[in-house]
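> Give me the fold of what follows.
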Amino acid sequence: MTTVRNQPHGVSVPPLAGTGWVQRARATGLLAAAFAAAAVARSAGGQTTPVADPAPLRAPAVPLVTHDPYLSAWSFADRLTDDWPKHWTGHVHGMCGLVRVDGKPMRFMGTYPGTREAAVQTGVRVLPTRTFYTFDAGPVELAVTFLSPLVMDEL
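Predicted coordinates for the structure are as follows:
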């Protein structure tokens, strides 16, 4: 390794030419392994196995109402109907969402025991200040938006 004087704090950089880092990489087999992998791919007819699409990311909690650390409600469950909304500390906030479709009540948020039937959650989209949920509630598609109020003088 050589030290370059123009670099801040005397940073050590490998030389670009000569027998430095290239020779060490060959000795450790890094280049040989790369060439072997390329040869195997070519011997398989040039076909490479496709990589599966990664699973969609799931946030550990979805914000419903967030104003400050003391006033916030989050959904920690996969579906909004699976559990009560909670504070980030885990304390339950008893928020329940009900909708009446064709005279029949359906739950879209919370685990209210008085309503057996729950709307089927079909999507969730989280943005910096809003969270959008969509549900199938019988013949009705229900769209629910949670807004987190952010006042410009509090930024």
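
> When you work out contacts or count neighbours from here on, use the C-alpha atoms and nothing else.
OK.

> Count the residues that sit near E141.
A total of 13 residues lie near E141 under the criterion other CA atoms under 10 Å.

> low-confidence ranges in this structure?
For the chain, the stretches with pLDDT under 70 are 1-51, 154-155.

> one more time with 90
1-60, 65-71, 88, 90, 93-94, 112-116, 128-129, 148-155 (pLDDT under 90).

> what about the strands in it?
For the chain, applying DSSP state E gives strands covering 2-3, 12-13, 62-68, 71-75, 97-101, 104-109, 120-126, 130-137, 140-147.

> and the last one, which strands flank it?
Translated: strand 140-147. strand 130-137 (antiparallel) (DSSP bridges).

> circling back to that earlier point, figure out which of the strands of the chain is closest to D53.
Between D53 and the strands of the chain, the shortest separation by CA to CA is 19.3 Å, and it involves strand 120-126.

> contacts for the closest one?
Here strand 120-126 makes contact (CA atoms under 8 Å, 6 or more residues apart in numbering) with 62-63, 79-80, 108, 131-137.

> can you check stretch 74-88 too?
60-66, 71-73, 92-96, 107-111, 118-119, 121.

> Send me it as CSV with only the CA atoms.
C-alpha atoms of stretch 74-88 as CSV (Å, rounded to 0.1, in the frame of the first residue of the first chain):
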residue,chain,number,x,y,z
TRP,A,74,-50.4,2.4,15.1
SER,A,75,-51.5,-0.9,13.6
PHE,A,76,-49.1,-3.7,14.5
ALA,A,77,-51.1,-6.5,12.9
ASP,A,78,-51.1,-7.7,9.3
ARG,A,79,-54.7,-6.6,8.8
LEU,A,80,-56.4,-3.7,10.5
THR,A,81,-59.2,-6.0,11.8
ASP,A,82,-56.8,-8.5,13.5
ASP,A,83,-56.0,-6.3,16.6
TRP,A,84,-56.7,-3.0,18.3
PRO,A,85,-54.6,0.0,17.3
LYS,A,86,-51.9,0.7,19.8
HIS,A,87,-49.5,3.3,21.0
TRP,A,88,-45.9,2.7,20.0
